[in-house]
Structures are given as structure tokens and as C-alpha cells.
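> my questions concern the predicted model and sequence given below.
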Amino acid sequence: WLTDLSPAISHFAGLYASSGRPARDPVALFRSLLLMRVLKVKSLDVWVKLMRSFPLWAVLSGFPPDDVPGVGTFYGFTARLWPGDSPHVNLKVRRCRKKPKKGKKGQKAPVSSPGVVQRLVDHFVDEKNVKPGAYDSLHLFFKDVFVLPSARLGLLGDPKVLSVAGDGTSVRTGGSRYGKSLCDCRKRGIFRCDCLRRFSDADASWGWDSYREVFFYGRSLYFFTAVDSPHDLPLYLNFFYAQRHDSVCFVPAWVDLVRLYPEFSFSRCLLDSAHDAYPIYRLLRLYGVEAFIDLNERNGGNVVYQDDISLSPHGIPVCSGAHIMAYGGYCYDRMRHKWRCPKSRKSWGVLCDRNCSSSSYGRVFYTYEADNLRFFSRVPRGSSAWKTVYKGRTSVERTNKRAKCDYLLEDKKRRSTRDWFVEGLLAASCLHMDAWAQHASLDVEALFLGWMADLAA
């Protein structure tokens, strides 16, 4: 009722040939797929039968009740949406992929190749290496038809100072992890070989699900969500190999996000401890974005910073008397934080016999952002202001949950990157549609019941 798909016409213009039999309206086909997700129908076969038996769904999709397209028409449409010639990125013939290392309890699996995040950042720092992506046509479609209309309604926050949160989640494939053997090893009595096999899902791989603490076979779905959005609206999604660490997925996803949205000015990026890698801080600083990243426990412990001053696990200076120093504010002109002797805070009740300064003001110490981007963030770590901002990171968790559970992305058992991308695109689009309905205070249930009553009359 509120979804205006007219911007999609230009994106669908080249999907079908101009000669020959007239094609089905691609906008109506896409609208029907959205309605199918809203009604939580899992199968296209069931959906086509439902439209033919209950004409209201056909009319809402844009089809005459007596001329509902077949299942093959929908499959053909989704295949045309994909920009590549093959639904897979890799060849279907390969060897079995091995499982990655298991992560510790509640933690992500470690990065398989040390230094890979640094190499990725160094690669993308050079603007010559920032090239159009393979899925740009689908990303641009999602941007024009859903993200920009939400921005015009004010549902994303202020586009001039947009805060985003990023995170990855696991999705299971419907393809077999064993593949089909192409050799004759079994005939020769060899039942465990490393020969080439044919896989129905060539791009699937093994990964470690840190939430469920189990291995899974599929892909890693990475979302960027608008933090200031009251509806947790997604801005970007992409699929990566399952064994890829979140920090590795973040770098190309972030470069894609900034390139696809020149209309927005990003101010903050909120990430969990899996992204606590110094090259990511450097990459965000290069784009002028303030990083709010939780520190990884494996990188904890006090470190000596300068002279007799050390740092706490949260990057707060600790004086020679083993007391945390008091925060004295931020100097914007010199981009440094000011810290004072803890005895200057009378309410702390610090007792110390050391005489670190002859001044009655007490000892003053400065930390510079450029010295350590990880510890010396613009908003001090551990402060109430930092915690208030970082609470917004859970918005991407809610986006993952709604896409996977509310719109059945977790129940889908697709076998190609093309099908997974289209499924993820439809789920993300439905989240924007829900936000438009809530913003307009539209009672969808009452609207449907009224239509059904009119049809019955």
C-alpha cells in the first residue's frame, strides 16, 4: 500500500528483450515476492497456488486474478536480477574445504591468515584499487528504491552525521558439504580421498558460529545498519565465505558502503570486539569517521605508554602510584586528551604519598589520538558518553534477528550466491517497508480485513 516501486522501473528496464513475446511486468513480480515474504510463505510453489486460490494476493501483487504467472516465471525473474552469467562465483568442481579453527567459548574463530586485515587496508587505501563491485546493480537498486526513500522520511537519522553499526552473522546453505565424487577411488577401496568433487553450492564453506558454538556450512552475511534509526534499518548487505573473520569482511564492505552512498556523511562506526584491529581504526580515521569498537579481551593488560605512565585495559593512563588518572577534557585544537592527578578529585578519596608535581594543580598528562588510535578515542573509553553511544551497536543485532527469523532468511536453504543475495535483498527491503507502515501509522490488518469483507460482499 505504501511501497512505491516506481524507481525500480529504470533498474528493470534492461532485464528483458524488447522484441518477442511481451514479458511479465518485473515490478509486479518483485512486489509479489515482497508480499510473499510479508506473509511468511516459504515456497514459490505454495505462493503461486495461494494467489490462484485467493485472488486478493494476486491483485495486491499487480496481476489479474485469472492470469497469475507460473513458478518458472518467478525463477526466471530472480535469475535476471543477478548481474553475473553464473549463479556461483567459483567453479562448481573443487576439493572439500576444511573446517577452520574452533573459537574459544563465546569468541569468534581466530583469523586464519595473520596480517590479512592490514594487507586489505593497505590495498584499499590506494583509491585506484577501489573499483565497482560485482553486485553493484543490486546494491544500487536497494539504495534507490528503499534506502533513499527512508532517508527522505527521516527514518535513518541525520544523513549529514550518520552513525552506522556493522556485524556479521551465519547463514546455512541447502547444498551438501560432501559434494559428488568424480573419481573412482571407492571402486579401488579408497573411501577418504582428496580428489575433485562437484558441489551444488560452489561458494559455501565451513565456518564457526560463536553464538551457538558449533560449526556451520554456508556463508557469512554482513550488515550495516543506521544506528540512529528507530527501526534499525539496514543500509548495506553482502555475503562472504563462512570462514572469513568479521574484521576481514568489514574492510571491503566498508569501502563499498562509502562508495555507494556519496549522499551520506558518516560520522561514527560502532563495531564489536571482533573488529578490534588497529588497521580498522586507521581505515576509519582515513575516512574521517569516529571508531567505537569494544576492546578484545585477548589484547588486554596494562602497557607502558610513556615514562612512568602505563595504560589500563581501557586505555586510561595509570600514574606511577598505580591510580587511574582523572579525566580533564579534550583539546580540539591539538587533538589531545587531558588527564590530572587522581587526588584532584576529592570525591575519589585517593590516598597517595607520592609527590609527582610541585604545582598545587597536580600532575597533568596528555594523550594524543595519533599516538594510539585504538586506546585514545575522541570520546574516552569507559566514560558515560562512550557507553551511551556504544549502546547503539545492538541495532545491527536486531537487524540480523529480524532478517533471519521474522523474514525466514534462516529457514531458506538456497544453493547459490545469486539466490542468497536475492533472498537477503528481499528481507532487507521488507524491513524498510515495515518502517514506512509504522511511520504512516497504517493498520495493515484492518486494511486487509476491510478488503476481504468487500470481496465477500
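Alright, I've got the coordinates.
> Y327: what's it in contact with?
Listed by CB atoms under 8 Å, 6 or more residues apart in numbering, the contact set of Y327 reads 316, 337-340, 380, 383. From N, CA and C alone the C-beta is placed, and that goes for glycine too.
> ChimeraX command for the buried members of the residues you listed?
In ChimeraX, a selection of the buried entries from the contacts of Y327 looks like this (16 or more other CB atoms under 10 Å):
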select :316,337,338,339,340,380
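> biggest separation within the contacts of Y327, which pair?
Greatest spacing in those, by CB to CB: R340 and S383 (14.8 Å).
> let me see the ranges of the strands in the stretch 201-350 of the chain.
Shown for the stretch 201-350 of the chain, the strands assigned by DSSP state E, counting those that start in this stretch span residues 205-209, 214-226, 234-241, 266-271, 290-293, 303-306, 309-311, 317-318, 326-331, 336-340.
> and of the ones you listed, who's closest to D167?
Among those, if distance is taken as CB to CB, the winner is strand 214-226, at 6.4 Å.
> paired strands for that closest one, with orientation please.
In the sheet, strand 214-226 lines up against strand 162-172 (antiparallel), strand 205-209 (antiparallel), strand 234-241 (antiparallel) (DSSP bridges).
> list the buried residues of it.
By neighbour count on 16+ other CB under 10 Å, the buried set for strand 214-226 is 215-226.
> for the residues you listed, which one is nearest L182?
Y217 (19.8 Å).
> with adjacent residues omitted, what lies nearest to the closest one?
R177 (4.4 Å; CB to CB, 6 or more residues apart in numbering).
> ok, which stretches of the stretch 51-200 of the chain are helices?
Under the criterion DSSP state H, counting those that start in this stretch, the stretch 51-200 of the chain carries helices at the ranges 55-61, 71-81, 116-125, 136-142, 148-152.
> dump those helices to TSV, plus mean pLDDT.
As requested, those are exported to TSV (pLDDT from 0 to 100):
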stretch	mean pLDDT
helix 55-61	92
helix 71-81	94
helix 116-125	92
helix 136-142	94
helix 148-152	96
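> and L270, which of the ones you listed is closest to it?
helix 116-125 (18.0 Å).
> give me the contact list for that closest one.
Outside helix 116-125, the residues that touch it by CB under 8 Å, 6+ apart are 111, 129-130, 247-248, 251-252, 255, 277, 279-280, 282-283, 286.
> report the buried residues of that helix.
Buried positions in helix 116-125, judged by neighbour count with 16+ other CB under 10 Å: 116-117, 120-121, 124.
> looking at the chain, which helix is longest?
Scanning the chain for the longest helix, with DSSP state H as the assignment, gives helix 417-439.
> who are the packing partners of it?
Using 3 or more CB pairs under 8 Å, 6 or more residues apart in numbering; DSSP states H and E, the elements in contact with helix 417-439 are helix 26-38, helix 71-81, helix 136-142, helix 148-152, strand 214-226, strand 234-241.
> next secondary structure after it?
Downstream of helix 417-439, the first helix or strand assigned by DSSP states H and E is helix 444-456.
> show me what the residue nearest the centre of the chain is bridged to.
Nearest to the geometric centre of the chain sits F223, at 1.3 Å (CA atoms, centre = their mean). Beta-bridge partners recorded for F223 (DSSP bridges): D167, L237.
> per-residue pLDDT, the nearest residue to Q243 once chain neighbours are set aside?
Nearest non-adjacent residue to Q243, counting by CB to CB, 6+ apart: P100, 4.4 Å away. We have a pLDDT of 82 for P100.
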